[in-house]
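> Build me a model:
(2 chains)
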Amino acid sequence: MIYGLCLILFLVGFYGIVVKRNLIKIIMGLIIMEYAVHLFIVLVSYQRGGIVPILQEGQSISEFVQLAVDPLPQVLVLTAIIINFGITALVVAIAIRLYEKYGTFDINEIRRLRG
Amino acid sequence: MTNLPVLFVALPLAMGFLYILLLKQRPYVAEIVSVAVTLVLLLLALSLAGAGTFQDGYLVTSFNLPVGGWDIPLGINIFLDGLTVFMLIVVNLVSFAVILYSVNYLQRYTSRTYFYSLILFMLAGMNGMLITGDLFNLFVFLELASVSSYILVSFGVEAEELEAAFKYLVMGAIASALILLAVILVYLVTGTLNMAYAAQFIQEQGMNRALYFAFALFMMGFSLKAALIPFHAWLPDAHPSAPAPISAMLSGVVIKVLGVYAMLRVGFNVFDLGADPVFLNLLLVIGGISMIIGVLLALYQWDIKRLFAYHSISQMGYVIMAVGLGTSLGIAAGLFHLFNHAIFKSLLFLNSGAIEAATGTRSLKKMGGLAKLMPVTGVTSMVGSLSISGVPPFNGFWSKVLIIFAAVLAGRPVYALLAVIGSILTLASFMKVQRYAFWGKSHLSEKKQNSNLEAPLFMKVSMLFLAIFCIFLSFLIVPVLREMILTPAGEDLIRGASGYLARVGIL
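Residues are numbered from 1 along each chain as shown, chains lettered A, B, ... in the order given. Prediction:
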């Protein structure tokens, strides 16, 4: 169910990229789409009533295995966030340069490449 | 030998960062170091090809190095097999030629140090994708290579280049998001990110719906990166807009490593779909369509680099179609064509760069008579054009003949016919290039016609180097060389997941 909401968020972002005609809105769509993926990664490791994955004193191994949260996806999401942060910075920089050259954010007017 | 493959990533990555720190004011040092780095990596890749042992009539390479001392599946491993070594040779050979060419070509750009550090990042990303045995690591290196290529496409910061880079970046980011989603889905289902352990899980438990969904996402992501036909829209803008050496890198190796290699590795070795008729038919159909539509679109083009870019789509179609035949011969022929395409397409893009630098235009209508004015460029581009059109005795002929044979033997005569038609149309379109650019009446100004237009020394050396390989690669079908380079790569794909597991050493 909650994965389905994640998919909907992903599709919202995708809709923004495909339908919108403004560079900034396309970038927004991109960011929303990436957030949906990050959210999904975190959800993979979510566990109701989960505990820190460090073995405490006096804790039995079986209880630990049952309750501990999987730490790997949380590490992965950090990497993914950093990568997408870099991409977002780059795409905004390109959009600013495009605005300097064309004087508009409308992609209908930014089309010198044809054919 | 034990730790050497780490250098494929470590060396270019370290140099890239050092350039930015130390060499901002001294780009000429960066030039020399970059040429040396790529030469070392090329020699290392070639030496790896000789390091295996002969088994079952071909050379078997299998090398598993757990990074940081943690054994798999806890740590990340570096894994080399025949396919990896084959691709490493392709990538490092082309990068060496391209960086040698850049030494002269880049003189008219500012901030050249950044260029060299970015191109080395791109190289590190691609080499990393090839040698890693971990799915998330594959994604990280894929992003490293893609982000540097986005920046390099917009390197000239002209209006067209920025526009192309924006398009490329948005498409690339969608592809990356899909691939990341797929990687996490595989983790969710199999509980591991290591390719070998994921493959083992899939082999034992079989595919389920979540895994099919993950695989579909992988296919979409990698097809976007490889610019196969329904996903090709960014390529004809991005590849021609970049500076010529980067066009050569993008068309020559980036779409192959980021798209085709990753798709085949995941499809054949992790998901073990090498015998799955749906997967193979999908590859056949996508490949066949790309092959024909790409070349048809190319016929109309008057911009020389745009024409070459459309041919990249078409030639990647040949590779995918040949692999989709699913037979041993088909896969070997496809990989052979991949190698050949890397060589002649980068040669052609380097030629177009030399022409653009000399005449100041990319439109075929404004050229003409260049064969006399630029003899080296003329001859090498003739070699490249004949290779891509499949004229004997150049390398393109042999791989296309093998593909057609393989299609007939696999009982797919329709695809053999499509390959022949595609080849004829390619020949027609390259006759147009030769006719308008190098022969016929010159449309250049009087002053240009009398001046010396030939490319400078390193550009000439690099183009001749690639042209020699266009002829030399024909010998890859000679038995001994074939069993050293081509057969191992094909066999590692066709043996599927169980072959991969045996190579990694877990069964």
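
> When you work out contacts or count neighbours from here on, use the C-alpha atoms and nothing else.
Will do.

> would you list every one of the helices in chain A?
Residue ranges of the helices in chain A, as given by DSSP state H, are A:2-19, A:23-44, A:61-67, A:72-102.

> Output those helices as JSON lines; include the columns distance to residue B:272, mean pLDDT and mean neighbour count.
Supplementary listing: the helices of chain A in JSON lines, determined by distance: least, C-alpha to C-alpha, whole Å; pLDDT from 0 to 100; neighbours: other C-alpha atoms under 10 Å in any protein chain shown:
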{"stretch": "helix A:2-19", "distance to residue B:272": "27", "mean pLDDT": "91", "mean neighbour count": "16"}
{"stretch": "helix A:23-44", "distance to residue B:272": "25", "mean pLDDT": "93", "mean neighbour count": "21"}
{"stretch": "helix A:61-67", "distance to residue B:272": "31", "mean pLDDT": "82", "mean neighbour count": "12"}
{"stretch": "helix A:72-102", "distance to residue B:272": "25", "mean pLDDT": "92", "mean neighbour count": "17"}
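
> want to try JSON lines for the ones you listed, with distance to residue B:194 as columns?
JSON lines is the format used below for the helices of chain A (distance: least, C-alpha to C-alpha, whole Å):
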{"stretch": "helix A:2-19", "distance to residue B:194": "24"}
{"stretch": "helix A:23-44", "distance to residue B:194": "17"}
{"stretch": "helix A:61-67", "distance to residue B:194": "21"}
{"stretch": "helix A:72-102", "distance to residue B:194": "13"}
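
> Quick one: those helices as CSV, columns for distance to chain B too.
Converted to CSV, the helices of chain A look like this (distance: least, C-alpha to the nearest C-alpha, whole Å):
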stretch, distance to chain B
helix A:2-19, 8
helix A:23-44, 6
helix A:61-67, 14
helix A:72-102, 6
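
> now for the ones you listed, which one comes closest to residue B:425?
Comparing those by their distance to residue B:425 (C-alpha to C-alpha), the top pick is helix A:2-19, with 33.2 Å.

> Would you mind getting the angle between that closest one and helix A:23-44?
For the pair helix A:2-19 and helix A:23-44, the angle between their directions (axes from the mean of the first three to the mean of the last three C-alpha atoms, to 10 degrees) equals 160 degrees.

> ok, residues contacting helix A:2-19?
Residues external to helix A:2-19 that are found in contact with it (C-alpha atoms under 8 Å, 6 or more residues apart in numbering or on different chains): A:25-37, A:39-40, A:43.

> just checking, next helix/strand downstream of the helix or strand hosting residue B:333?
With elements taken from DSSP states H and E, the one containing residue B:333 is helix B:328-359. Along the chain past helix B:328-359, the next helix or strand (assigned with DSSP H and E) turns out to be helix B:370-373.

> got the contact list for that following helix?
For helix B:370-373, using C-alpha under 8 Å, 6+ apart, the contacting residues are B:377, B:378, B:379, B:437, B:438, B:439, B:442, B:449, B:452, B:453, B:454.

> May I see the buried residues of that helix?
When neighbours are counted by 16 or more other C-alpha atoms under 10 Å in any protein chain shown, the buried residues of helix B:370-373 are found to be B:370, B:371, B:373.

> Wait, residue B:475 touches residue B:481, no?
Yes - using C-alpha atoms under 8 Å, residue B:475 and residue B:481 qualify as a contacting pair, with a distance of 7.2 Å.

> which one in chain A is furthest away from the centre?
Among the C-alpha atoms of chain A, the one most distant from their mean position (C-alpha atoms, centre = their mean) is that of residue A:58, at 38.7 Å.

> Just the pLDDT for that one.
In this model, residue A:58 is scored at 79, pLDDT.

> Then residue B:284?
What the model reports as pLDDT for residue B:284 is 93.

> In which helix or strand does it reside?
For residue B:284, the host element (DSSP H and E) is helix B:277-299.

> what about the closest residue to chain A within the stretch 201-350 of chain B, is that helix, strand or coil?
In the stretch 201-350 of chain B, the residue found nearest to chain A is residue B:237; the distance is 6.7 Å by C-alpha to the nearest C-alpha. At residue B:237 the chain is in helix, as set by DSSP: H, G, I helix; E, B strand; the rest coil.

> Measure how buried residue B:411 is and give me the count.
Counted with other C-alpha atoms under 10 Å in any protein chain shown, residues neighbouring residue B:411 total 12.

> Would you confirm that it belongs to a helix?
No - with the criterion set as three-state DSSP, the secondary structure at residue B:411 is coil rather than a helix.

> sorry, back to before: among the contacts of helix B:370-373, which one has the most neighbours?
Within the contacts of helix B:370-373, neighbour counts (other C-alpha under 10 Å) peak at residue B:377, which reaches 29 neighbours.

> so residue B:115 touches residue B:154, yeah?
No - checked against C-alpha under 8 Å, the pair residue B:115 and residue B:154 is beyond contact range at 11.1 Å.

> Can you pull up the most central residue in chain B?
residue B:253 (2.2 Å).

> Mind checking what secondary structure that one has?
In terms of secondary structure, residue B:253 is helix; the call rests on three-state DSSP.

> Who are the contact partners of it?
When contacts are counted by C-alpha under 8 Å, 6+ apart, residue B:253 is found next to B:90, B:91, B:94, B:342.

> before we move on, which element is the third one in?
Under the assignment given by DSSP H and E, the secondary-structure element containing residue B:94 is helix B:82-105.

> roughly how far is stretch B:50-60 from the heart of the chain?
Averaged C-alpha coordinates place stretch B:50-60 at 25 Å from its chain's average position (C-alpha atoms, centre = their mean, to the nearest Å).

> which parts of it are buried?
B:52, B:58, B:59, B:60.

> buried ones in the helix or strand of chain B with the lowest mean pLDDT?
Taking mean pLDDT, DSSP states H and E as the measure, the helices and strands of chain B show their lowest mean at helix B:446-450, namely a mean of 73. By neighbour count on 16+ other C-alpha under 10 Å, the buried set for helix B:446-450 is residue B:449.

> now for the following helix or strand past it, which elements pack on it?
Beyond helix B:446-450 on the C-terminal side, the first helix or strand identified by DSSP H and E is helix B:457-472. Under the contact criterion of 3 or more C-alpha pairs under 8 Å, 6 or more residues apart in numbering or on different chains; DSSP states H and E, the helices and strands touching helix B:457-472 comprise helix B:82-105, helix B:328-359, helix B:375-389, helix B:395-409.
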